[in-house]
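S.K.: missing the sequence, but the structure's below:
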């Protein structure tokens, strides 16, 4: 057994992928890392579609990135970022069958560095103040 192991996370726990379940609350209590897998367990009237954020917000399955209707559906979380899933069955997404998952970097990295590398672009702006200090030496006493 390696110290680093990818987790297999069952969406919705024992409730599975179903109507009238609060997936936002469920996801808030979970940690999702690169390398983990999500498993969606659902009945014959459901499926799982991965969609863009706008399609997630609008419950639109028409432009799905992928759709699977063979339960259980396992989805690998291969990279950090937010992934969006809905049930493509009409009205099911609006009845709560939607899940947004925020995937953190590889679980091998230390937890004390959440997303600090992405803040690095702000450092060049700090150097913009230094050119002002170059002007005084140009004053020549003549």
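M.R.: Now that the structure is in, tell me what you want to look at. Note that this is a predicted model, so its numbers are computed, not measured.
S.K.: So for residue 139, what's the pLDDT?
M.R.: As predicted, residue 139 sits at a pLDDT of 54.
S.K.: should've said residue 103
M.R.: 96.
S.K.: Ok, residue 110 next?
M.R.: 37.
S.K.: Spatially, which residue comes closest to the residue nearest the centre of the chain, not counting chain neighbours?
M.R.: Centroid-nearest residue in the chain: residue 82, 2.0 Å away (criterion: Cα atoms, centre = their mean). When the adjacent residues along the chain are set aside, residue 82 lies closest to residue 102, with 5.0 Å between them (Cβ to Cβ, 6 or more residues apart in numbering). All C-beta spots, glycine's among them, are computed from the backbone N, C-alpha and C.
S.K.: Could you measure from residue 77 over to residue 51?
M.R.: Distance of residue 77 to residue 51, computed by Cβ to Cβ, to the nearest Å: 16 Å.
S.K.: Please pull out the lowest mean pLDDT helix or strand from this protein.
M.R.: Sorting the helices and strands of the chain by mean pLDDT, DSSP states H and E puts helix 123-126 at the bottom, at a mean of 42.
S.K.: Residue 77 and residue 51: who's more crowded?
M.R.: When neighbours are counted by other Cβ atoms under 10 Å, residue 77 and residue 51 differ, and residue 51 comes out ahead with 25 against 21.
S.K.: For that one, which residues are in contact?
M.R.: Residues near residue 51 by Cβ atoms under 8 Å, 6 or more residues apart in numbering: 60-61, 63-65, 84-86.
S.K.: In CSV, list these along with distance to residue 9, neighbour count and pLDDT.
M.R.: Shown next, in CSV, are the contacts of residue 51 (distance: Cβ to Cβ, whole Å; neighbours: other Cβ atoms under 10 Å; pLDDT from 0 to 100):
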residue, distance to residue 9, neighbour count, pLDDT
60, 25, 16, 97
61, 22, 21, 96
63, 26, 10, 97
64, 21, 18, 97
65, 19, 12, 97
84, 16, 18, 98
85, 12, 25, 98
86, 18, 26, 98
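S.K.: Check which residues of the longest strand seen in the chain are buried.
M.R.: Taking DSSP state E as the criterion, the chain has its longest strand at strand 98-106. Residues 98-99, 101, 103-105 are the ones in strand 98-106 that count as buried (16 or more other Cβ atoms under 10 Å).
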